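S.K.: I would like to see how this sequence folds:
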Amino acid sequence: MNKLNYTIIALLFIVFLGCKDKNDNFVFLSIEQDVELGAQVSAEIENDPTQYPILDEEEYAAAYAYLGDLVDEILESGEVEYKDEFAWEFKIIADDSVLNAFATPGGYIYVYTGLIKYLDQEDDLMGVLGHEIAHADLRHTSRNLQRQYGIQVLLGLLVGENASQLESIAGQIAGTAAGLSFSREFETEADAKSVDYLAKTKYACNAAASFFQKLIDQGQAGGTPQFLSTHPSPANRVEDINAKATEVGCETDALNPTTYEDFKQLLP
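M.R.: Residues are numbered from 1 along each chain as shown. Below is the predicted model of the structure:
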């Protein structure tokens, strides 16, 4: 198919179908392709246990059950647009040296033991989970791909051409998943969305700010992990998250249940 035909299809999508998703964003990858891409990325990750030593779900069933309850709290908030379409599977990666978490397209969430042990309370982890679920739900990776590859390549995927391209893209994402970097715009969107999610739960709706605040308090703001990026700055993000919480008018007092320490003890 030549460039002109791709352009015509693009215009048809924009004019007649709109190409807008549930979050009112123009995304040329279909939801089905988001799901397929996420599944392929997940498979690539699980096939690389050296880089991604994922805890066995049977051996660490109690830890997975605990984390699953937290994820369900967010999914049942009524604010996750693709709650029913995406997989929403989660894995724990055993590496205490890494303060990280990341999400793939289609709702596959990965959290490192290093981050879990660094956080102080359940609310803090809920803030991280809300942020990562937001990246998937807002389709940030797919929107990045749209910017990186352009409409022509993505339209080829939509019409069934370049079948190997999706697999190639999945491999690229999996290879850099732990270090995924999003723009200032996308990080700000994910921060704000986490407030919306948690506002409908029993947790502090500004919980995503607590991680940044701890980094600031410990003088580590310059070493913010990739998953939460350094742009905007930690101080600005704390301010923006708290401002969003004030705007929403939601609860900002943390539960701080002692069960979080019990959860940490379930990990290797």
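S.K.: For the rest of this, base every contact and every neighbour count on C-alpha atoms.
M.R.: Noted.
S.K.: Quick one, grab the pLDDT at residue 127.
M.R.: Looking at residue 127, its pLDDT is 96.
S.K.: So it: helix, strand or coil?
M.R.: helix (DSSP: H, G, I helix; E, B strand; the rest coil).
S.K.: My read is that it contacts residue 212, right?
M.R.: No - applying Cα atoms under 8 Å, one finds residue 127 not in contact with residue 212, separated by 10.6 Å.
S.K.: Can you list the residue ranges for strands in this protein?
M.R.: For the chain, the strands defined by DSSP state E occupy 89-93, 101-104, 108-112.
S.K.: Now tabulate those strands in JSON lines and tack on distance to residue 190.
M.R.: Converted to JSON lines, the strands of the chain look like this (distance: least, Cα to Cα, whole Å):
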{"stretch": "strand 89-93", "distance to residue 190": "18"}
{"stretch": "strand 101-104", "distance to residue 190": "12"}
{"stretch": "strand 108-112", "distance to residue 190": "14"}
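S.K.: In CSV, list those strands along with mean pLDDT.
M.R.: Compiled in CSV, those are given as follows (pLDDT from 0 to 100):
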stretch, mean pLDDT
strand 89-93, 96
strand 101-104, 88
strand 108-112, 94
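S.K.: Compare neighbour counts for residue 127 and residue 212 and give me the winner.
M.R.: Neighbour tally, residue 127 and residue 212, criterion other Cα atoms under 10 Å: the higher count belongs to residue 127, 25 against 22.
S.K.: Can you tell me how far the closest residue to the more buried one other than its chain neighbours is from residue 84?
M.R.: Nearest residue to residue 127, sequence neighbours excluded (Cα to Cα, 6 or more residues apart in numbering): residue 208, at 3.8 Å. For residue 208, the distance to residue 84 equals 24 Å [Cα to Cα, to the nearest Å].
S.K.: between these two, who's got more neighbours?
M.R.: Per other Cα under 10 Å, whichever of residue 208 and residue 84 has more neighbours is residue 208, with 29 against 9.
S.K.: ok, now which ones touch that one?
M.R.: Neighbour list for residue 208: 124, 126, 127, 128, 130, 131, 191, 194, 195, 241 [criterion: Cα atoms under 8 Å, 6 or more residues apart in numbering].
S.K.: Residue 121 reaches residue 256, doesn't it?
M.R.: Yes - using Cα under 8 Å, residue 121 is in contact with residue 256, at 5.3 Å.
S.K.: Neighbour count for the two, which is higher?
M.R.: Under the criterion of other Cα under 10 Å, the comparison of residue 121 against residue 256 puts residue 121 first, with 20 against 15.
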